[in-house]
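*Asks:* here is a sequence with its predicted model. Questions after.
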Amino acid sequence: MAKYFKKVTPESCGVSSIDLIKFIEGMEDMPEIKETHGFMLIRHGKLLTEGWFAPYTEDMPHTLFSDTKTFVQLAVGFMVKEGLCTIEDKISDYFPDKLSDKVSEHNRNLKTKHLLMMATGHKGQQIHKTGDFNDMSVDKVKEFFETDNYIEAGVEFQYDNIATYVLSNLVSRLTGFNVAEYLKPRFLDPLDITVDYYSHDSNNVCIGYSGFRIKLEALAKVGQFLLNGGTWEGAQLLPKEWCEQAMAKHTDGIGPCGDDWNQGYCWHMWRGRYNTARLCGAYGQMCVIIPDRDMIFATNSGANFNKLQSILDNFYENVLLKVSDKPLEENPIGNIKLENKISKLALRNIFAPVSPRANELNGKEITFEKKGRYNKIRLDFGSGVCRVALSGDCEISFDAGLSEPKETYIENGGFLTIDPFDHAKYSATAYFNIDDVFIITARILETVTIVKIEISPDETVKLYTLRGNLGE
């Protein structure tokens, strides 16, 4: 994908290179629970700076999680534009086959807009609770209509992934295409956005509440499109009124992650401080739209929920609150320092001298209490690398670098949350710590998931994931 945003000096758009260095320093050398994978800053449609923390790269798609919801909202917008539906329509009118005697009058009267703003009157779900969307033994649309309400619709925000799934089903019913297919000629192709992967159920309906993978520049384009009021390259693809309403506050949304989750909920987006609107996905997939500054901040991250606010705080403190309305004096030396800083970005890795224990473990298979699909591990040490083989219900093996990361393509490791597609490269390292515990860290690239394996001197094996299926 050719780069869309033209690179300019930060100073030409009122941003200091020195402030950007401080901003980047706020993302450096972070622990695994608070790491950044990539970032882009755009103002007046120009690229001020961007960077990726190795092993993540600019040409690598990244799982979006709930940023995917905004694509569903856009698909609804295009259906409204084409006269296929309105936001005032009763959603039940489109699903007569899903209505049983258990469906209340309240749920029969729910409107499309109530699902967009997540104010259905249902209790909703925990902020990131989801089910197995491939388990078709439970009809989730039917279940949605049979859910008891506790308050009238349109009054109170309750985060509800299944409301998005119902809207995604609506797109499929009214157009004959799933969300990704429907958006392709109307939105994705005009913006030159490739959806590298999307999660769908066994009926080929996008799950909607999660599951898209796109590159970071593509995410920034979505933000720029909304900031532009639905125009792209001079063409009005979506009405300006829709984009304005999509970014406006419709309910007093309250989330668990900090101040910027307490500013209200839009249509499948969040309001934030400083008059911002935000595409926001689990673990720090964000695109912040700042109309007052004509600015976009996009980032992919791997941060625990209680660390998400710090991503925005760093951006606000070091960039947004220091932006000038006029160009600044150019700073060639600052620009060079900024580019040097960006060229060296990498996630934290730990390496250490190889312990004599390696000889004891070499070629040995160890059985451990089953975790997920696995209950056996074999290690084979070579020059600067350890080959790690996990087995049980299935088998995978990958290289872990002892002095630098090593990449291995893996199919079906079974470690990801929500998304069953984990055919991806693993970037792995390993070292013996001061207590002679052998610690293996494998990042599943294009995702936020980290697989961790610890083998103690008594050969006790601990297998778990960060932001993954085995979770801990």
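*Replies:* Looks like it came in fine.

*Asks:* just the helices from the protein, written as ranges.
*Replies:* Along the chain, the segments classed as helices by DSSP state H run 17-25, 68-81, 105-108, 112-116, 140-145, 161-175, 179-183, 216-227, 240-247, 308-318, 332-343, 357-361.

*Asks:* of all the ones you listed, which one is nearest residue 38?
*Replies:* With Cβ to Cβ, the closest approach to residue 38 among the helices of the chain belongs to helix 216-227: 4.8 Å. Every residue, glycine included, has its C-beta placed from N, CA and C.

*Asks:* grab the most central residue of the chain for me.
*Replies:* residue 64 (2.7 Å; Cα atoms, centre = their mean).

*Asks:* which residues touch that residue?
*Replies:* 210-214, 219, 281, 285 (Cβ atoms under 8 Å, 6 or more residues apart in numbering).

*Asks:* again, but for residue 367
*Replies:* Neighbours of residue 367 in contact, by Cβ under 8 Å, 6+ apart: 375-376.

*Asks:* now the one 3 residues further on
*Replies:* When contacts are counted by Cβ under 8 Å, 6+ apart, residue 370 is found next to residue 392.

*Asks:* all further residue positions should be reported with the first residue as 53.
*Replies:* Happy to do that; since the first residue is 53 now, the last one works out to residue 422.

*Asks:* ok, which stretches of the stretch 353-502 of the chain are strands?
*Replies:* 416-423, 426-434, 437-444, 448-453, 458-462, 476-484, 490-496, 502-507 (DSSP state E, counting those that start in this stretch).

*Asks:* export the ones you listed as TSV, with columns for distance to residue 248 and mean pLDDT.
*Replies:* TSV is the format used below for the strands of the stretch 353-502 of the chain (distance: least, Cβ to Cβ, whole Å; pLDDT from 0 to 100):
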stretch	distance to residue 248	mean pLDDT
strand 416-423	29	96
strand 426-434	27	97
strand 437-444	26	97
strand 448-453	21	97
strand 458-462	15	95
strand 476-484	11	95
strand 490-496	15	97
strand 502-507	21	97
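
*Asks:* tabulate those strands (TSV), appending distance to residue 395.
*Replies:* Formatted as TSV, these follow (distance: least, Cβ to Cβ, whole Å):
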stretch	distance to residue 395
strand 416-423	39
strand 426-434	30
strand 437-444	26
strand 448-453	21
strand 458-462	20
strand 476-484	19
strand 490-496	21
strand 502-507	24
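
*Asks:* quick one: closest of the ones you listed to residue 283.
*Replies:* Comparing those under Cβ to Cβ, the one sitting nearest is strand 476-484, at 35.2 Å.

*Asks:* for that closest one, which helices and strands make contact with it?
*Replies:* If you count contacts as 3 or more Cβ pairs under 8 Å, 6 or more residues apart in numbering; DSSP states H and E, strand 476-484 packs onto strand 437-444, strand 448-453, strand 458-462, strand 490-496.

*Asks:* how about low-confidence regions in the stretch 103-252 of the chain?
*Replies:* 177-189 (pLDDT under 70).

*Asks:* cutoff 90 now
*Replies:* The model of the stretch 103-252 of the chain has pLDDT under 90 over residues 175-190.

*Asks:* picking that back up, winner for burial among the helices and strands packed on strand 476-484?
*Replies:* For the helices and strands packed on strand 476-484, the largest average neighbour count (mean count of other Cβ atoms under 10 Å) is found in strand 490-496, namely a mean of 23.

*Asks:* contacts for that strand next, please.
*Replies:* Outside strand 490-496, the residues that reach it (Cβ under 8 Å, 6+ apart) are 84, 107, 399, 401-402, 407, 409-410, 413, 431, 438, 440, 450, 452, 462, 465, 467-468, 474, 476-485, 501-507, 520.

*Asks:* tell me which strands that strand pairs with, and in which orientation.
*Replies:* If you go by DSSP bridges, strand 490-496 pairs up with strand 476-484 (antiparallel), strand 502-507 (antiparallel).

*Asks:* now do the longest one: distance to the chain's middle.
*Replies:* So that's strand 476-484. Distance, stretch centre to chain centre, for strand 476-484: 22 Å (Cα atoms, centre = their mean, to the nearest Å).
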